[in-house]
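Peer 1: coords please:
(one chain, ligands or ions: 1)
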Amino acid sequence: MSTYPVESIRNFSIIAHVDHGKSTLADRLLEITGTISKTDCNKQVLDKLQVERERGITVKAQTASLFYSHEGINYLLNLIDTPGHVDFSYEVSRSLSACQGVILVVDANEGIQAQTVANFYLAFEAQLSIIPVINKIDLKNADPERVEKQIEKLFDIPTDECIRISAKQGTNVETVLQKVIEKIPPPRCNTADPLKALVFDSTFDHYRGVIANVALFGGEIAKGHKIMSAHTKKRYEVNEVGILTPNEQPTHKLYAGQVGYLIAGMKEVTEAQIGDTLFLYKQPVEPLPGFKSAKPMVFAGMYPVDQTEYNNLKSALERLTLNDSSVTVHRDSSLALGAGWRLGFLGLLHMEVFNQRLEQEYNMSVILTAPTVPYKAILSSAKLIKDRRAVQKDMLYIDENRVMLKYLFPLNEIVVDFYDALKSLSSGYASFDYEDAGYQSADLIKMDILLNGNPVEELATIIHSDKAYAAGKLLCERLKETIPRQLFEIAIQAAIGKKIIARETLKAYRKNVVAKCYGGDITRRMKLLKRQAEGKRLMRKIGNVEVPRDAFIRVLKREPDK
Ligand SMILES: Nc1nc2c(ncn2[C@@H]2O[C@H](COP(=O)(O)OP(=O)(O)OP(=O)(O)O)[C@@H](O)[C@H]2O)c(=O)[nH]1
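Peer 2: Numbers count the residues shown, from 1 in each chain. Presented below is the predicted three-dimensional model:
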């Protein structure tokens, strides 16, 4: 790759509410710039993880370097595609630290939604240039004019600055690229300065060790350079540098203003801290501010299904948390489940995705306990609050469309499904944030759930005494719907101490998987038995009762899955 002067580099992110079309727009930008060829297979190219492809959502920010010629000048454009769901907003704020501007995508039909507002403010507070883009104008119900007015009113951006596009059909996408060049400033840094590289993301490769994604705020870096980490003070020799197109492509050097990757023989995941600053050995620089640590919302215990897998799960957890630094991990142990960890997640979707990634990328099968809370919080929100033991603290009208409410909530009232409920009640407009308000005394009791008399550790909860009866009844009903019928009757009970407060009974059922084979086709018979064995692997045995592993998360959600 030839050297690009800083003036011809642009570093930008695409931000939006979930499903408004970021990844589709990224695909078109990759095509126009010839980074990938134009084929029907190019769908959400930057969504590389299996979990992203299965769920159709982005959970990890991804970087791609694009080459683009405009009016006789060759530009290097570094694009970072970010997730839209609130559970992954930590990815967005980190990505923005490597950028000077953003493309803010808004769906022409849905208009401005909660994460549009939240992401706009992240970019605005970081003083980035914002290019508003109205996507999906090909839709029958598209109303770009209404959306332009919303953007003007809420974000004070004149309507004529919005670019109307269809990322799906490619309409006007080239205009977006031209605006990126015109409106987003080049990074303000200098190759002649000492090396200053911000580690904004990293992954672990089984063969090559840690691969750190870096943004260079000064200097240059090449193979053979001796570097030092500001965080660990450890020394390394650089083995490889390169750019992401979006796959790793080694280059001779990385220069100030560029975004790329670096491999430097870091073998332990703890050596590559996200937010760390790397500099040349014996040329120390003032470290960059790094990142605010994430605020976990949902805490759950995680245990290996089989204790002999403890060490394997430990290293899988270390490697995956390197790639998802918003998860907090503390060692924990339980009488029933053995040695494990207490994990903190940003939300329930985040917890599900993390669990799925452990299974898919590390072949690990784990037991997750019921989400719980070790502390309480203040947050702003509406409605919903009456039956959640909340006390109103403040109310402030931001404009005629928005009001900010502050409440003191017990955190366990909001941890599982508050966000989903708030979103559906407010058609997606309400967004919320929280901060720790310290501990307060409350009338709490421990409620156990029993299956045929055996306690289910994962579902034991601390609950306010006023709510125990209703919650116990609901959990028993949910479990009855979730646990498949088995060869014997199952009593599902909620108990406080020795007192049973709710009960459901699941009738016996005999599942004969080979009944349809009439004793005939042996291949089909074997296939069905194999499938049944696989099904059993996904079960957890409590006493003699088999419970599907995902049942624990499903019963704890108050709303059924959509
Ligand atoms: N009709 C139409 N559909 C579009 C357009 N752009 C994207 N879509 C569709 O909208 C859906 C969401 O698009 P994505 O690109 O995955 O959205 P996203 O914002 O990246 O989603 P997250 O990363 O999960 O936040 C997909 O089904 C796309 O095919 C468009 O211009 N027109």
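Peer 1: Off-centre distance for the helix or strand T321 falls within?
Peer 2: T321 is part of helix 310-323 when elements are defined by DSSP states H and E. Its chain's C-alpha centre and that of helix 310-323 lie 17 Å apart, by CA atoms, centre = their mean, to the nearest Å.
Peer 1: for the stretch 1-150 of the chain, which spans come out with low pLDDT?
Peer 2: Across the stretch 1-150 of the chain, residues meeting the criterion (pLDDT under 70) sit at 1-3, 36-61, 84-90, 92.
Peer 1: Which residue ranges of it form strands?
Peer 2: With strands called from DSSP state E, counting those that start in this stretch, the stretch 1-150 of the chain shows them at 9-16, 62-70, 73-81, 101-107, 129-135.
Peer 1: Take the ones you listed and write them to TSV, including distance to the ligand.
Peer 2: From N, CA and C alone the C-beta is placed, and that goes for glycine too. Formatted as TSV, the strands of the stretch 1-150 of the chain follow (distance: least, CB to the nearest ligand atom, whole Å):
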stretch	distance to the ligand
strand 9-16	5
strand 62-70	10
strand 73-81	7
strand 101-107	7
strand 129-135	5
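Peer 1: I'd like a version of those strands in a markdown table, one that adds mean neighbour count as further columns.
Peer 2: A markdown table is the format used below for those (neighbours: other CB atoms under 10 Å):
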| stretch | mean neighbour count |
| --- | --- |
| strand 9-16 | 27 |
| strand 62-70 | 20 |
| strand 73-81 | 22 |
| strand 101-107 | 26 |
| strand 129-135 | 24 |
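Peer 1: Can you say which of the ones you listed is nearest to P455?
Peer 2: Comparing those against P455 with CB to CB, the closest turns out to be strand 62-70 (43.6 Å).
Peer 1: So what angle separates the directions of the closest one and strand 73-81?
Peer 2: Taking axes from the mean of the first three to the mean of the last three CA atoms, to 10 degrees, one finds that strand 62-70 is oriented at 160 degrees with respect to strand 73-81.
Peer 1: follow-up on the earlier one: averaged pLDDT, the helix holding T321. What do you get?
Peer 2: What helix 310-323 shows for mean pLDDT is 87.
Peer 1: C-terminal to that helix, which secondary structure element comes first?
Peer 2: Heading C-terminal from helix 310-323, the first helix or strand you meet, by DSSP H and E, is strand 328-334.
Peer 1: Now the stretch 201-350 of the chain against the ligand: closest residue?
Peer 2: L349 (10.6 Å; CB to the nearest ligand atom).
Peer 1: Spell out the secondary structure type for that residue.
Peer 2: helix (DSSP: H, G, I helix; E, B strand; the rest coil).
Peer 1: Tell me if I am right that E477 is in a strand.
Peer 2: No. Counting by three-state DSSP, E477 is located in no strand; its state is helix.
Peer 1: dump the residue contacts of it.
Peer 2: Counting by CB atoms under 8 Å, 6 or more residues apart in numbering, E477 touches E504.
Peer 1: At the contact with the ligand, which residues of this protein appear?
Peer 2: Residues of the chain lying close to the ligand by CB under 6 Å from any ligand atom are 16, 18-24, 44, 57-58, 83-84, 135-136, 138-139, 166-168.
Peer 1: quick one: whatever residue of the stretch 151-300 of the chain ends up closest to the ligand from F12, how far?
Peer 2: As assessed by CB to the nearest ligand atom, the ligand sits closest to K168 within the stretch 151-300 of the chain, at 3.4 Å. Look at K168 and F12: by CB to CB, to the nearest Å, they are 21 Å apart.
Peer 1: do the same with E91
Peer 2: To F12, E91 is 15 Å away according to CB to CB.
Peer 1: Also V298?
Peer 2: 32 Å.
Peer 1: Also G257?
Peer 2: Distance of G257 to F12, given as CB to CB: 13 Å.
Peer 1: Same check on L348?
Peer 2: L348 is 31 Å from F12, by CB to CB.
Peer 1: what does I500 give?
Peer 2: Per CB to CB, I500 is found 60 Å from F12.
Peer 1: rewinding a little: I'd like to know how many residues surround the residue of the stretch 201-350 of the chain closest to the ligand.
Peer 2: Counted with other CB atoms under 10 Å, the neighbours of L349 add up to 20.
Peer 1: just to revisit the earlier point, any chance you could list what contacts the helix holding T321?
Peer 2: Helix 310-323 is contacted by residues 60, 201-204, 210, 269-270, 272, 302, 304, 327, 329, 338-339, 341, 354, 357-358, 361-362, 364, 366 when judged by CB under 8 Å, 6+ apart.
Peer 1: angle of that helix against strand 328-334?
Peer 2: Using the same axes, to 10 degrees: helix 310-323 against strand 328-334 is 160 degrees.
Peer 1: hang on, A26 packs against A16?
Peer 2: No. If you go by CB atoms under 8 Å, A26 and A16 don't touch, sitting 10.9 Å apart.
Peer 1: just the helices in this structure please.
Peer 2: For the chain, the helices defined by DSSP state H cover 22-32, 50-55, 89-96, 114-125, 144-155, 173-183, 310-323, 348-362, 418-425, 468-482, 522-537, 551-556.
Peer 1: Give me the pLDDT value at the residue of the stretch 201-350 of the chain closest to the ligand.
Peer 2: L349 is assigned 78 on the pLDDT scale.
Peer 1: N239 now?
Peer 2: With respect to pLDDT, N239 has a value of 94.
Peer 1: ok, it - contacts?
Peer 2: By CB under 8 Å, 6+ apart, the contact list for N239 reads 208, 223, 263-265.
Peer 1: how about those residues, which pair is most distant?
Peer 2: The largest separation in these, counting by CB to CB, is between R208 and K223 at 13.4 Å.
Peer 1: any common contacting residues for these two?
Peer 2: With CB under 8 Å, 6+ apart, R208 and K223 have common neighbours 239-240.
Peer 1: one step back: out of the strands of the stretch 1-150 of the chain, nearest to E240?
Peer 2: Proximity to E240 (CB to CB) singles out strand 62-70 among the strands of the stretch 1-150 of the chain, at 15.6 Å.
Peer 1: Spit out the contact partners of T159.
Peer 2: Residues in contact with T159, defined by CB under 8 Å, 6+ apart, are 145, 148-149, 151-152.
Peer 1: Once you drop chain neighbours, what's closest to D443?
Peer 2: Spatial nearest neighbour of D443, excluding adjacent residues (CB to CB, 6 or more residues apart in numbering): S465 at 4.8 Å.
Peer 1: contacting residues around that neighbour?
Peer 2: Counting by CB under 8 Å, 6+ apart, S465 has contacts 443-445.
Peer 1: In strands, which of those fall?
Peer 2: Within the contacts of S465, residues falling in strands by DSSP state E are 444-445.
Peer 1: roughly how far apart are K383 and Y407?
Peer 2: Relative to Y407, K383 is positioned 11 Å away (CB to CB).
Peer 1: more neighbours, those two?
Peer 2: Between K383 and Y407, Y407 has the larger neighbour count (other CB under 10 Å), namely 25 against 12.
Peer 1: beta partners for that one?
Peer 2: Beta-bridge pairing of Y407 under DSSP bridges involves L379, Q392.
Peer 1: Need the per-residue pLDDT for it.
Peer 2: 70.
Peer 1: Test my guess that L128 contacts L96.
Peer 2: Yes. Contact status for L128 versus L96: in contact at 6.5 Å, counting by CB under 8 Å.
Peer 1: more neighbours, these two?
Peer 2: More neighbours surround L96 than the other of L128 and L96, with 25 against 21 (other CB under 10 Å).
Peer 1: Setting the sequence-adjacent residues aside, check what's closest to that one.
Peer 2: Using CB to CB, 6+ apart, the nearest residue to L96 is A126, at 5.1 Å.
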